[in-house]
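> here's my sequence, what's the structure:
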Amino acid sequence: MTEEHASPKAGQVLLECQGLTRTYHEGPQDVTVLENLDLEVCAGERVAVVGSSGSGKTTLLNLLGGLDRPSAGSVKVAGQSLAVLGESQLGRFRNRHIGFVYQFHHLLAELTALENAALPLIVRGQSRKQACQRAAQILEHVGMAKRSDHKPGELSGGERQRVAIARALITDPSLVLMDEPTGNLDKTTAASILAMMDELAKTTACAFVVVTHDTDLAAHQDRVMKLDDGRLTVDS
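Residues are numbered from 1 along each chain as shown. Predicted structure coming up:
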């Protein structure tokens, strides 16, 4: 039996961070990457986070997705505090509520596009048949139905990224976190990914947080935040 969760409603706060701080201990010195950061993102909202290299954007995404623990402060996703979850609970929560898309797609080379997209549902406990049926639907949605039997090595960069996006969306997540999703793509392919994201934003109530250097990608989001000196401000 698989776990289900209620679909988010537009305007509902999906992601809430308060006082988020991350300090790393490097030898005799402490390096604070994020300091006392606050952020709210609502269902159906797309937020871009921009900033220079080394400003902590990827660290922020890792904290939002529960891949790293903050030194101080809190993260709530869909009303759930991540701090109170053990590692196994956190893994299950991520599988239900959070989708990840990276600059490097991280698809498994030995699996087909269909199998890669189906993997989160198989991990959740769905039968392979059910998971692949859902994967076929989501691959069609992202324009990859005709390439579903191909392995990553047989796909273009844009096609691999579409599969990665399908994999992130297959669990109907509350929150999708994207780290430079168009960073390795040419302008034409990146534009097609942008168009697809625009379409997805219209048909889902999940929240998107996108870390990017791409000004076109940032401009397509509802809000642009700038990360500088460990703090988030509205980008002017």
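> just to be sure, residue 75 is in a strand?
Yes - secondary structure of residue 75 (DSSP: H, G, I helix; E, B strand; the rest coil): part of a strand.
> so it makes contact with residue 62?
No - taking contacts as Cβ atoms under 8 Å, residue 75 lies outside contact range of residue 62: 10.6 Å. The way it works is simple: take the backbone N, C-alpha and C, and place the C-beta from them, glycine included.
> past the helix or strand bottoming out on mean pLDDT in the chain, which element shows up next along the chain?
Least confident helix or strand of the chain, by mean pLDDT, DSSP states H and E, is helix 187-203 with a mean of 72. Using DSSP states H and E, the helix or strand that follows helix 187-203 in sequence is strand 207-211.
> list the buried ones in stretch 148-166?
148, 150-152, 155, 158-166 (16 or more other Cβ atoms under 10 Å).
> now that stretch: average pLDDT?
The pLDDT scores in stretch 148-166 average 87.
> spit out the contact partners of the most centrally placed residue in the chain.
For the chain, the residue nearest the mean C-alpha position is residue 177 (1.9 Å; Cα atoms, centre = their mean). By Cβ atoms under 8 Å, 6 or more residues apart in numbering, the contact list for residue 177 reads 61, 64, 65, 98, 99, 100, 101, 209, 211.
> quick check, the second one in contact with residue 16.
Same thing as residue 64. No - using Cβ under 8 Å, residue 64 makes no contact with residue 16, being 10.3 Å away.
> residue ranges for the strands of this protein, please.
13-26, 29-42, 46-50, 72-77, 80-81, 98-101, 175-179, 207-211, 223-228, 231-234 (DSSP state E).
> got CSV for those strands, with distance to residue 56 and mean pLDDT too?
Formatted as CSV, the strands of the chain follow (distance: least, Cβ to Cβ, whole Å; pLDDT from 0 to 100):
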stretch, distance to residue 56, mean pLDDT
strand 13-26, 7, 88
strand 29-42, 4, 87
strand 46-50, 10, 89
strand 72-77, 13, 91
strand 80-81, 22, 90
strand 98-101, 18, 85
strand 175-179, 12, 88
strand 207-211, 10, 88
strand 223-228, 6, 88
strand 231-234, 10, 81
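> closest one to residue 109 among those strands?
Residue 109 lies closest, by Cβ to Cβ, to one member of the strands of the chain: strand 98-101, at 17.9 Å.
> ok, residues contacting that closest one?
65-66, 77, 161, 164-165, 167-169, 171, 173-179, 181, 206.
> now do stretch 52-60
20, 22, 33-34, 37, 49-51, 68, 179, 211, 227-230.
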